[in-house]
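Chemist: next input, structure requested:
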Amino acid sequence: MTECTSTAIRAKAPGRREYVARFDGGDISSDGGALLLGRVESRRRILARLSDCFVDRRDPGRVEHSIAELVAQRVLAIALGYEDVNDHEALRQDPLLSSLVGKRDPKGVNRKRERDTGSSLASPSTLSRLENGHPGFVGDDRYRRIALDFQAADQLLIDLFLEAHDEPPSEIFIDLDATDDRVHGEQQKRFFHGYYDHYCFLPLYIFCGDHLLAARLRPSNIDGAKGSIDELDRIVGRIRDAWPETRIVVRGDSGFCREWLMAWCERENVDYVLGLARNSRLEALIEEPLDRVRKAHEVSRRAEREYAELTYRTKGSWSRSRRVVAKAEHLARGAIRGFTTRGEHLQEVARRNPILVTALTPRIGYDRASEIVREAESGGKSIVDAAVDLTGLSREEIESALDPGKLTGR
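Modeler: You can find the predicted model right below:
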């Protein structure tokens, strides 16, 4: 909110007009879009239903902010771009947000405690108790008397999805996605992820179109597909109870192409479309289509592609052969031929890659491995040099364990 004065500012404008800036408009907000969110909530009651998923063991006689108000305050603020709970130190004085939350005293004139006067909404510390409560500790700790019933919240997401359809669709696509949630502090269960090249969590998201069906915050030192079956079993079961005739298709990138996930889909009569990383065996199987698109490109000088269908089974990890659709493609820029690499430079880049330290983790532990990465980054050292400084291992042992050639099977 803006604190206003009654002073007017005037300036000459083209022609006979002039610019006038006045500051006597009262309480002014730049978050007018919140009114639309308020209208949506009044019709759908999504936040009200979410608040019903919380367990509240607080003393009713001392409560000023109901669970419904706390949930609305936090979620609406996030939707408006205020994702940090510390933002509420100022937002708690916002009469527009207070009105949307449902406060009858949006300016906080009649608060119980004098120090809260002027702030109608909850403080950051109160909101933190809402977010950090755990069902197993509710009631045992004066600061943990609120907790989310995770099963109820999971059920709500699916119920909202089902209610959004007037009639059962003939077919739905459920999309699996694991992505990074970067962290900037020393949060528990944060790990360095070599692909994303930073410390992060690795949450699992499950969508159907624009509808969120599940979200799980996970550490990043796991397989990206971990836990997928538990979530799908719950989601697919609930959807089939409501829509028994609807065809369900699960989709995901190559990070979800796992034998156990495909086998589950086959047992449960769920169709699936999963990415499959290329390898030399697959390339050999589509050698003819690859040759055809190359020749077609030589004539057209444009990108050429062709799709091939084949049956494929890995040498050991798959329990059966499966249908694979492969794309043979030759881009307009052509193939790269006859390039020369700078071997020494590539070796130096590899020696500084933080992911190397994971090979030492079984011997030195994750905490020490993290220290090595931080030492290498802050001191401009290679991972090997940092490991020599921070462990009791010899340089020969470390260089052997972290040899990029050995680690990649070259």
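Chemist: can you tell me the closest non-neighbouring residue to residue 305?
Modeler: With CB to CB, 6 or more residues apart in numbering as the criterion, residue 305 has its nearest non-adjacent residue at 4.2 Å, and that residue is residue 329. Backbone N, C-alpha and C define where each C-beta goes, glycine included.
Chemist: so what's residue 273 closest to, chain neighbours aside?
Modeler: Leaving aside its sequence neighbours, residue 273 sits nearest to residue 251 (CB to CB, 6+ apart; 4.9 Å).
Chemist: just checking: what are the partner strands of the helix or strand where that neighbour lies?
Modeler: Using DSSP states H and E, residue 251 sits in strand 247-252. According to DSSP bridges, strand 247-252 forms sheet pairs with strand 171-178 (parallel), strand 271-274 (parallel).
Chemist: give me the residues contacting it.
Modeler: Outside of strand 247-252, the residues within contact range by CB atoms under 8 Å, 6 or more residues apart in numbering are 170-177, 225, 228, 232, 236, 239-240, 261, 265, 270-275.
Chemist: so which bits of that strand are buried?
Modeler: Neighbour-count burial for strand 247-252, counted by 16 or more other CB atoms under 10 Å, picks out 248, 250, 251, 252.
Chemist: so what's the third one bridging to?
Modeler: Think residue 251. Judged by DSSP bridges, the bridge partners of residue 251 are residue 175, residue 273.
Chemist: gap between it and residue 240?
Modeler: Per CB to CB, to the nearest Å, residue 251 is found 18 Å from residue 240.
Chemist: hey, where'd the strands end up in the stretch 51-200 of the chain?
Modeler: Using DSSP state E, counting those that start in this stretch, the strands of the stretch 51-200 of the chain run over residues 54-56, 146-148, 171-178, 181-182, 191-193, 198-201.
Chemist: in JSON lines: the ones you listed, plus mean pLDDT.
Modeler: Rendered in JSON lines, the data for the strands of the stretch 51-200 of the chain read as follows (pLDDT from 0 to 100):
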{"stretch": "strand 54-56", "mean pLDDT": "90"}
{"stretch": "strand 146-148", "mean pLDDT": "89"}
{"stretch": "strand 171-178", "mean pLDDT": "97"}
{"stretch": "strand 181-182", "mean pLDDT": "92"}
{"stretch": "strand 191-193", "mean pLDDT": "89"}
{"stretch": "strand 198-201", "mean pLDDT": "92"}
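Chemist: residue 63: which of those strands is closest?
Modeler: strand 54-56 (8.2 Å; CB to CB).
Chemist: just how off-centre is that closest one within its chain?
Modeler: Relative to its chain's centre, strand 54-56 lies at 25 Å (CA atoms, centre = their mean, to the nearest Å).
Chemist: got the buried residues for it?
Modeler: Using 16+ other CB under 10 Å as the test for burial, strand 54-56 gives 54, 56.
Chemist: show me what it packs onto, helices and strands only.
Modeler: Counting contacts by 3 or more CB pairs under 8 Å, 6 or more residues apart in numbering; DSSP states H and E, strand 54-56 packs against helix 67-79, strand 146-148.
Chemist: let me see the domain layout of the chain.
Modeler: Domain assignment for the chain by automatic domain parsing gives 34-137, 151-274, 280-330, 343-408.
Chemist: could I get those as JSON lines with distance to residue 25?
Modeler: Formatted as JSON lines, these follow (distance: least, CB to CB, whole Å):
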{"stretch": "domain 34-137", "distance to residue 25": "13"}
{"stretch": "domain 151-274", "distance to residue 25": "37"}
{"stretch": "domain 280-330", "distance to residue 25": "57"}
{"stretch": "domain 343-408", "distance to residue 25": "50"}
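Chemist: hey, least reliable of those by pLDDT?
Modeler: Mean pLDDT values for these show the minimum at domain 343-408, a mean of 79.
Chemist: from the chain's centre, how far out does that one sit?
Modeler: That offset, for domain 343-408, works out to 29 Å (CA atoms, centre = their mean).
Chemist: got it, and stretch 237-257?
Modeler: In terms of CA atoms, centre = their mean, the gap separating the centre of stretch 237-257 from the centre of its chain is 20 Å.
Chemist: circling back to that earlier point, save the strands of the stretch 51-200 of the chain as CSV, and put in distance to residue 119 too.
Modeler: Formatted as CSV, the strands of the stretch 51-200 of the chain follow (distance: least, CB to CB, whole Å):
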stretch, distance to residue 119
strand 54-56, 22
strand 146-148, 20
strand 171-178, 39
strand 181-182, 30
strand 191-193, 38
strand 198-201, 32
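Chemist: out of these, nearest to residue 102?
Modeler: Among the strands of the stretch 51-200 of the chain, if distance is taken as CB to CB, the winner is strand 54-56, at 16.0 Å.
Chemist: what's the closest one in contact with?
Modeler: Around strand 54-56, the neighbours that count as contacts under CB under 8 Å, 6+ apart are 67, 71, 130, 135, 138, 145, 146, 147, 148, 149.
Chemist: ok, so of these, who is nearest residue 307?
Modeler: Among the contacts of strand 54-56, and counting by CB to CB, the member closest to residue 307 is residue 148, at 46.0 Å.
Chemist: and that closest one, what are its bridge partners?
Modeler: Bridge pairing for residue 148 - DSSP bridges - gives residue 54.
Chemist: check the secondary structure at the closest residue to residue 214 other than its chain neighbours for me.
Modeler: Nearest residue to residue 214 in three dimensions, chain neighbours excluded: residue 206, at 4.1 Å (CB to CB, 6+ apart). Three-state call for residue 206 (DSSP: H, G, I helix; E, B strand; the rest coil): strand.
Chemist: separation between residue 206 and residue 290?
Modeler: Residue 206 is 35 Å from residue 290, by CB to CB.
Chemist: so which of those two has more stuff around it?
Modeler: Taking neighbours as other CB atoms under 10 Å, residue 206 and residue 290 compare with residue 206 leading, 22 against 18.
Chemist: the more buried one touches residue 231, doesn't it?
Modeler: Yes: with contact defined as CB atoms under 8 Å, residue 206 reaches residue 231; the gap is 5.8 Å.
Chemist: now the common contact residues for these two.
Modeler: In contact with both residue 206 and residue 231: residue 214, using CB under 8 Å, 6+ apart.
Chemist: burial check on residue 254, number of neighbours?
Modeler: 13.
Chemist: okay then, goodbye and thanks.
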